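> what's the 3D shape of this:
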Amino acid sequence: MFSPLALIRKLGHASIERIWRLGFATRFLFAILRYSGTSFRRLPLTLREIYFSGVLSLLIIVVSGLFVGMVLGLQGYETLQRYGSTEALGVLVALSLTRELGPVVAGLLFASRAGSSVTAEIGLMKSTEQLKAMDMMAVDPIARVVAPRFWGGVISMPLLAALFSAMGVLGGWLVGVVFIGVDDGAFWSQMQAGVDFRFDIVNGIIKSFVFGIAVSLIAVFEGYDSAPTAEGVSRAITRTVVTSALAILALDFVLTSFMFRGTS
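Numbers count the residues shown, from 1 in each chain. Below you'll find the predicted structure:
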């Protein structure tokens, strides 16, 4: 039987739990920043996580960036041909990638590949009581396990987004110039004239850096906060991917609104 009081109780309980998790995540971030110096003093730990989060994600980033650029080149040419502006294909591809698609798509791929793996790794360490064992040996698990993985993701994400955009431009050039026959000089010269370093490239780097912080924090937090069971770890991985995707799209809207306001 439907009960309004029970519905209100459920909504209140869910709201309190979300607020509690948000507060715990904020405290967790401050703890990571507190022990960041320790993780950087143990440089091999951080370098290993950069390799795990960045280098091992190169294949999906490079292939996806190339095909996204090829699709942009094909669709952009069909659209620009109606207005007799096919020489502007380079500008269209470059701006689309550096401003939006590069950071956003690379962030989504990074969350799916590296973020889920980090969550699974920390969650399994918790379920097998490795984190408790570190506590018993006077080794802080945040300094030893969490902080290097967090900074590995933060450092890797802008580099992967830049590589995604570069491969996308190459894909657009392959379709537009090599396959379709757009003038090579017009493609590159229009791109150089139309892409601004400050308002396009730097803003894209800022976006990718913010996305890296968000995805890395969500990944390590969900793994550290997961229930120490197989089901708990699997749910934490799902929450990482879903929450990271929503966070990237929401942050992209907020950052884009501020950046466009700054250029107007």
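
> Spit out the contact partners of the closest residue in space to residue 131 that isn't next to it in sequence.
Nearest non-adjacent residue to residue 131, counting by C-beta to C-beta, 6 or more residues apart in numbering: residue 141, 4.4 Å away. Where C-beta positions appear, they are placed from N, C-alpha and C, glycine not excepted. Taking C-beta atoms under 8 Å, 6 or more residues apart in numbering, we find residue 141 in contact with 125, 131, 134, 135, 224.

> Residue 252: which of the residues you listed is nearest?
Residue 252 lies nearest to residue 224 out of the contacts of residue 141, by C-beta to C-beta, at 26.0 Å.

> what sits against the residue nearest to the spatial centre of the chain?
Geometric centre of the chain, nearest residue: residue 107, 2.6 Å, by C-alpha atoms, centre = their mean. Residues near residue 107 by C-beta under 8 Å, 6+ apart: 157, 161, 208, 211, 212, 215, 244, 248.

> same thing but 10 Å
Applying C-beta atoms under 10 Å, 6 or more residues apart in numbering to residue 107 gives the contacts 115, 157, 160-161, 164, 207-208, 210-212, 214-215, 244-245, 247-249, 251-252.

> for residue 195, same thing?
So residue 195 contacts 90, 91, 94, 95, 97, 98, 99, 169, 201 (C-beta under 10 Å, 6+ apart).

> now swap in residue 74 and tell me
Applying C-beta under 10 Å, 6+ apart to residue 74 gives the contacts 89, 171, 172, 175, 176, 179, 180.

> any low-confidence regions in this protein?
Applying pLDDT under 70 to the chain flags the ranges 1-2, 261-264.

> That one: helices as residue ranges?
4-34, 36-41, 43-53, 58-81, 89-95, 102-110, 116-127, 130-136, 141, 147-173, 184-194, 203-225, 230-263 (DSSP state H).

> that older thread, out of the contacts of residue 195, which are buried?
Taking 16 or more other C-beta atoms under 10 Å as the criterion, what is buried in those is 90, 91, 94, 95, 97, 98, 99, 169, 201.

> out of these, which one sits closest to residue 5?
residue 99 (49.2 Å).

> Return the residues in contact with that closest one.
165, 195, 199, 200, 201, 203, 204, 207, 252, 256, 259, 260.

> what's near enough to touch the fourth one?
Spelled out, that is residue 200. 94, 95, 97, 98, 99, 194, 259, 263.

> I'd like the residues you listed laid out as JSON lines, including distance to residue 185.
Below are the contacts of residue 200 laid out as JSON lines (distance: C-beta to C-beta, whole Å):
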{"residue": "94", "distance to residue 185": "15"}
{"residue": "95", "distance to residue 185": "19"}
{"residue": "97", "distance to residue 185": "21"}
{"residue": "98", "distance to residue 185": "21"}
{"residue": "99", "distance to residue 185": "24"}
{"residue": "194", "distance to residue 185": "14"}
{"residue": "259", "distance to residue 185": "30"}
{"residue": "263", "distance to residue 185": "28"}
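
> which of those residues sit farthest apart?
The two members of the contacts of residue 200 with the most space between them (C-beta to C-beta) are 97 and 263, at 17.9 Å.
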